[in-house]
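[1] The sequence isn't on hand, but the structure is:
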């Protein structure tokens with residue numbers, strides 16, 4: 001529009017005017033000035049309308065806002081140069097720039113909070129390099145966001161080139177093949193990875209305590225972390241056409257095919273006895289003969305039927321009414337292709353093997369689908385039953401009705417839709433980024449305690465005192481505690497509004513919105529900032545000095561999944577800093593959606609901490625100090641846990657000196673999931689939601705890898721040396 005106006009201006013000038021040495025006439029000068037003003041106004045209108053529309057779109061699209069921030073698209077926010085030292089043994093990222101361990105790096109980026117002071121508005125340091133928010137299901141992200149997430153790498157002992165595994169709903173890759181793999185960047189090493197039976201390979205027996213040593217299993221056992229099954233959903237065993245012609249034209253008897261005659265369960269003797277029993281039954285009723293044909297090298301007593309491909313076992317099975325699906329060992333969950341191929345062929349399996357076979361049968365409510373050997377007292381009784389079924393159409397059909405309802409079986413083996421490699425990547429993704437892990441479904445999922453990862457604030461537009469407060473998944477409230485009351489008689493009295501807790505995220509779960517909020521800081525008010533990053537929530541409570549008034553008190557507040565939210569809490573005006581000797585103390589109440597009445601001071605016992613230091617783990621040189629100083633707490637129920645961290649040892653007050661609580665590792669909460677934190681000094685807090693490990697033995701007492709990483713990040717903050725463009729001095733401080 002501005003260019004058009006300028007062209008219009010030029011068109012108004014006749015050539016004679018341009019040739020004149022003394023410039024345009026008075027009338028022409030007025031025209032020029034008018035069109036120049038129109039051009040300037042039009043340009044400003046277009047610019048500001050674009051700016052407003054862009055800010056509105058960012059406010060209603062937090063993912064786009066996050067990407068825009070990391071691309072430097074934050075408008076007129078001043079750039080500064082920061083010099084960071086990373087004392088941790090893992091890389092950190094500031095404005096998308098990596099800060100390697102034990103190194104100092106200068107970073108120039110847009111300050112995410114606009115005008116700031118050194119101790120109140122610093123760029124956020126993250127553990128993960130991703131520009132996009134971390135989602136429980138990455139396939140819900142945009143293609144740009146998905147491309148930004150590095151793959152989970154499953155590395156086999158042979159090593160080699162990394163190859164993407166594309167048939168997976170999380171970024172996944174493999175390195176090498178064969179052997180027991182490890183998952184890079186997380187402490188997951190598989191002690192066993194095999195579909196063989198544990199009777200022949202004792203190392204495949206699942207050790208229920210191995211997970212404390214970061215050892216996991218991928219075997220045929222459903223007690224494995226990654227069960228490996230011979231069943232495949234690509235095989236349609238439910239097709240009723242599979243049984244056509246078997247009763248009418250099939251051999252009245254059973255086939256048996258095996259080369260191993262040294263089984264662990266002595267199946268050879270069972271086959272011999274059954275062959276003999278079939279002969280006795282046939283001699284007793286010559287009109288209904290039945291036979292057992294052993295076709296392979298073990299106990300061979302018959303030739304293959306004519307006109308059949310001996311290499312195609314399924315076609316061989318279809319020539320018989322029954323097939324002896326006898327495993328070489330009797331171990332729970334060890335169910336091989338012998339059973340599944342028989343079901344696919346349409347023949348009726350006679351099964352001997354896994355004691356818990358009924359837990360895996362495709363028939364609902366244990367209806368007929370398989371003849372289980374252990375249901376009979378003798379082989380003679382079993383042979384008589386086979387004879388009855390082989391010559392009775394109704395009995396034969398009763399073993400096929402399960403094909404009409406596949407819902408029961410599909411639910412049991414739904415996890416088989418994903419390849420074992422993809423399931424290992426899912427497990428690594430859940431462990432690395434702190435998502436839930438559903439062992440039964442073999443997939444990652446959102447956490448049980450909260451539907452969203454992000455801070456939801458009170459959005460009411462009125463002048464309510466709760467505006468800007470956290471309401472989901474954690475609710476906050478502030479009050480004062482009278483220190484002058486007699487604790488023995490009255491206890492600590494908290495003046496607090498009625499507490500409530502949202503069970504669902506407000507506004508359809510759209511939390512962590514991108515917005516700006518300006519708050520003027522006055523006097524000795526407490527300032528609390530809270531922001532979300534890397535799947536955790538951080539809070540900083542600081543106190544502004546009276547000496548730092550002026551324009552610096554105006555602060556622009558921005559928020560999204562990585563953003564800061566700021567809120568001032570007006571305190572009584574004290575001449576000195578707050579202390580325990582003051583008449584009242586500010587109390588921050590945090591309400592977590594956890595059904596717990598106690599808060600555990602986490603022990604130094606080895607089961608609570610990941611042991612050792614490897615290339616895929618963080619080091620814990622100072623971990624014991626966190627627990628001894630009572631800076632880390634667990635609030636936990638049967639399914640969910642909150643890990644609460646504080647950078648200072650708190651003075652909990654008399655209400656936590658109850659004589660009924662003699663265990664120093666437990667502190668009573670003010671209510672179910674309610675923690676009251678006395679604020680008598682600047683504090684930094686962090687809390688993490690995670691699922692309790694209900695699958696592994698003793699898992700409810702085990703710290704997750706994700707929380708251990710975020711704990712070390714919290715207690716090993718970056719050291720910042722900031723250079724302001726207009727100042728020559730440097731200042732050094734620690735940030736999170």
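    Now that the structure is in, tell me what you want to look at. Keep in mind it's a predicted model, so treat the numbers as computed, not measured.

[2] give the contact list for residue 595.
    By CB atoms under 8 Å, 6 or more residues apart in numbering, the contact set of residue 595 is 637, 638, 672, 673. Just so you know, the C-beta spots here come from the backbone N, C-alpha and C atoms, and that holds for glycine as well.

[3] now it: how far from residue 636?
    Going from residue 595 to residue 636 by CB to CB, to the nearest Å gives 9 Å.

[4] ditto for residue 236
    Distance check for residue 236 against residue 636: by CB to CB, it reads 45 Å.

[5] same question, residue 152
    In terms of CB to CB, residue 152 sits 27 Å off from residue 636.

[6] what about residue 447, neighbour count?
    Neighbour count of residue 447, defined by other CB atoms under 10 Å: 21.

[7] of residue 152 and residue 636, who's got more company?
    residue 152 (29 against 20).

[8] So the more buried one is in contact with residue 169, correct?
    No - applying CB atoms under 8 Å as the test, residue 152 and residue 169 come out as separate, 11.5 Å apart.

[9] So which residues of the stretch 101-250 of the chain form strands?
    All strands of the stretch 101-250 of the chain, identified by DSSP state E, counting those that start in this stretch, fall at 104-110, 125-126, 152-155, 162-164, 172-175, 182-183, 188-193, 215-218.

[10] mind putting the ones you listed in CSV, distance to residue 249 included?
    Below are the strands of the stretch 101-250 of the chain laid out as CSV (distance: least, CB to CB, whole Å):
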stretch, distance to residue 249
strand 104-110, 77
strand 125-126, 69
strand 152-155, 48
strand 162-164, 48
strand 172-175, 46
strand 182-183, 51
strand 188-193, 43
strand 215-218, 42
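
[11] Compare the ones you listed and report which one is nearest to residue 419.
    Residue 419 lies closest to strand 172-175 among those, at 9.4 Å (CB to CB).

[12] I'd like the average pLDDT over that closest one.
    The average of the pLDDT scores along strand 172-175 is 96.

[13] How about stretch 370-381?
    For stretch 370-381, mean pLDDT rounds to 96.

[14] Quick check: buried residues in it?
    Neighbour counts over stretch 370-381 (16 or more other CB atoms under 10 Å) mark 370, 371, 372, 373, 379, 380 as buried.

[15] List the contacts of it.
    Residues outside stretch 370-381 that contact it (CB under 8 Å, 6+ apart): 270, 273-274, 276-277, 280-281, 322, 325, 339, 343, 348-352, 355, 357-358, 361, 363, 382, 385-386, 389, 399.

[16] Nearest to residue 586, out of the strands of the stretch 101-250 of the chain?
    strand 125-126 (27.7 Å).

[17] partners of the closest one in the sheet?
    Strand 125-126 pairs in its sheet with strand 92-94 (antiparallel), by DSSP bridges.

[18] Would you mind pulling the contact partners of the strand it pairs with?
    Under the criterion CB under 8 Å, 6+ apart, residues 82, 84, 86, 98-99, 107, 109, 123-129, 713, 718 lie in contact with strand 92-94.

[19] Pull out the buried members of the residues you listed.
    For those, buried by 16+ other CB under 10 Å: 82, 84, 86, 99, 107, 109, 123-128, 713, 718.

[20] Turn the residues you listed into CSV, including pLDDT and distance to residue 438.
    As requested, those are arranged in CSV below (pLDDT from 0 to 100; distance: CB to CB, whole Å):
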residue, pLDDT, distance to residue 438
82, 76, 41
84, 88, 38
86, 92, 35
99, 92, 35
107, 86, 39
109, 71, 38
123, 68, 36
124, 77, 31
125, 83, 32
126, 87, 27
127, 91, 24
128, 90, 23
713, 92, 27
718, 87, 35
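
[21] between the residues you listed, which is nearest residue 258?
    Ranked by distance to residue 258 (CB to CB), these are led by residue 128 at 52.1 Å.

[22] Quick one: residues contacting the closest one.
    Here residue 128 is in contact with 93, 134, 433, 534 (CB under 8 Å, 6+ apart).

[23] any idea how far it lies from residue 149?
    Between residue 128 and residue 149 the distance, using CB to CB, works out to 9 Å.

[24] Which residues are in contact with each of the two?
    Applying CB under 8 Å, 6+ apart, one finds that residue 128 and residue 149 are jointly contacted by residue 134.
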